[in-house]
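A.B. asks: I would like the atomic coordinates for the input below:
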Amino acid sequence: MHEDSTASAAAGTGTGIGSDWEWARADDWEPPTELDTGVPHTARMYDYYLGGKDNFEADRKAAEAAIAAYPALPLLARTNREFLGRAVEYAAGRGIRQYVDIGTGIPSVGSTSEVARRVVPDARVVYVDNDPIVATHARALLASHKAGHTSVVEADLRDPASILDHPGLRAAVDLDQPVALMLVAVLHFVRDEDGAEAIVRTLRDALAPGSALILSHGSPDFASRESAAEGARIYKSASAPLVLRPRAAVEPFFGDFEFAGPGLVQLPLWRPEAGHVPTTDLPEGWQDVSAYAGVAVKR
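C.D. replies: Here you go, the predicted model:
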């Protein structure tokens, strides 16, 4: 890896696609009429990318098609999980004891609760997902956790009020105290016409000063036009569309929150040294990980 390639990636220069990124969207996606194991689900596809077993045949077929179009997907999933760990450690190091992980998928090794409690033993974690199957898996996997310290809430990111007002969240989290709001690899499943920016603004506005927004987001900036377009096409048959956004469309999600260094950068470049991985020893092919990541704090 060359230093100049690292600098370019960190600056988010990507492929220079500018305003011509509409091909990376799935605008004609229609929501499934019911939750069905025969319909690929984004959380279970992600589990497959990570090498998990909590997925069904439809998920595996769609995931394999996505990998064929974009071979770096398993690496993206792995580096995204590693980013989650480093970001949670950062928030916990700031003394944040409450975590709301929206679109969590299926908790596994390196989950939010596992990482947070290494630093803050009494951390409270609320996992939010809109799939009852995913929620059932999560509850089973988390059954051994201390009562009241880990909760699973069924709610949809596209309806932020249903999350903020949910009795399960209100019982576990005090919104008058700092919270780490986690939108890790989930916003690229929310379309602009569904109010993606307004959704995040509603969630940000509900947070107390000292809270942190932890966010990663798929982007077309580091992938070929063909791969990004094919990925969007494949996800049209899934439980949510894939809306890849360039850096200029990801940054506004942070609002006026203050970025922690190094800011909004290509996913593997968010503080790799915090995971004891020197920047000069990033995984092979990291340049192809087409996603951004950042952490910002509410002042």
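
A.B. asks: I'd like the distance between Ala65 and Gly275.
C.D. replies: Relative to Gly275, Ala65 is positioned 30 Å away (CB to CB, to the nearest Å). Yep, even glycine has a C-beta here, placed from its N, CA and C like the rest.

A.B. asks: Just want to know which of these two has more residues nearby.
C.D. replies: Set side by side, Ala65 and Gly275 give different neighbour counts by other CB atoms under 10 Å, the larger being at Ala65 (18 against 14).

A.B. asks: For the stretch 101-250 of the chain, which segments are assigned as helices?
C.D. replies: Under the criterion DSSP state H, counting those that start in this stretch, the stretch 101-250 of the chain contains helices at 112-119, 132-141, 160-164, 167-172, 196-205, 225-235, 247-250.

A.B. asks: so Gly95 sits right up against Pro178, yeah?
C.D. replies: Yes: using CB atoms under 8 Å, Gly95 is in contact with Pro178, at 7.5 Å.

A.B. asks: quick one, which of the two is more surrounded?
C.D. replies: Per other CB under 10 Å, whichever of Gly95 and Pro178 has more neighbours is Pro178, with 20 against 10.

A.B. asks: Which residue is the nearest non-sequential neighbour of the more buried one?
C.D. replies: Sequence neighbours aside, Gly210 is the residue nearest to Pro178 in space, at 3.7 Å (criterion: CB to CB, 6 or more residues apart in numbering).

A.B. asks: How many residues are close by the closest residue to Gly195 other than its chain neighbours?
C.D. replies: With CB to CB, 6+ apart as the measure, Arg158 is the residue that lies nearest to Gly195, at 7.5 Å, once sequence neighbours are left out. A count of neighbours around Arg158, defined by other CB under 10 Å, yields 17.

A.B. asks: Tell me the first helix or strand C-terminal of the helix or strand of the chain with the lowest mean pLDDT.
C.D. replies: Every helix and strand of the chain was ranked by mean pLDDT, DSSP states H and E. The lowest is helix 3-10, at a mean of 37. Under the assignment DSSP states H and E, the closest C-terminal helix or strand after helix 3-10 is helix 42-49.

A.B. asks: What's opposite Gln98 in the beta bridge?
C.D. replies: For Gln98, the beta-bridge partners under DSSP bridges are Arg124.

A.B. asks: Does Arg201 touch Phe254 like I think?
C.D. replies: No: the pair formed by Arg201 and Phe254 falls short of the contact definition of CB under 8 Å, at 10.4 Å.

A.B. asks: which of these two has more neighbours?
C.D. replies: Taking Arg201 and Phe254 together and counting by other CB under 10 Å, Phe254 has the greater number of neighbours (20 against 15).

A.B. asks: For that one, give me phi and psi.
C.D. replies: The phi and psi torsions at Phe254 (degrees, to the nearest 10) take the values phi -80, psi -10.

A.B. asks: what's the closest non-adjacent residue to it?
C.D. replies: The spatially closest residue to Phe254, leaving aside those adjacent along the chain, is Ala296, at 4.5 Å (CB to CB, 6+ apart).

A.B. asks: Just want the angle from whichever strand or helix holds that neighbour to helix 196-205.
C.D. replies: Ala296 belongs to strand 291-297 when assigned by DSSP H and E. Between strand 291-297 and helix 196-205, the angle comes out at 30 degrees (axes from the mean of the first three to the mean of the last three CA atoms, to 10 degrees).

A.B. asks: Poorly predicted segments of the stretch 1-150 of the chain, please.
C.D. replies: Residues of the stretch 1-150 of the chain meeting the criterion pLDDT under 70: 1-36, 107-109, 137-139, 141-148.

A.B. asks: Apart from its chain neighbours, what residue comes closest to Phe259?
C.D. replies: Ala296 (4.8 Å).

A.B. asks: Now for the one you found: which residues touch it?
C.D. replies: Contact criterion CB atoms under 8 Å, 6 or more residues apart in numbering gives 212-213, 215, 254, 257-260 as the residues in contact with Ala296.

A.B. asks: Just the buried ones from those, in ChimeraX syntax?
C.D. replies: Buried members of the contacts of Ala296 can be picked out in ChimeraX with the line below, counting by 16 or more other CB atoms under 10 Å:
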select :212,213,215,254,257,260
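
A.B. asks: now the helices of the stretch 101-250 of the chain as TSV including distance to Glu284?
C.D. replies: Written out in TSV, the entries for the helices of the stretch 101-250 of the chain read as follows (distance: least, CB to CB, whole Å):
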stretch	distance to Glu284
helix 112-119	25
helix 132-141	31
helix 160-164	38
helix 167-172	40
helix 196-205	33
helix 225-235	18
helix 247-250	24
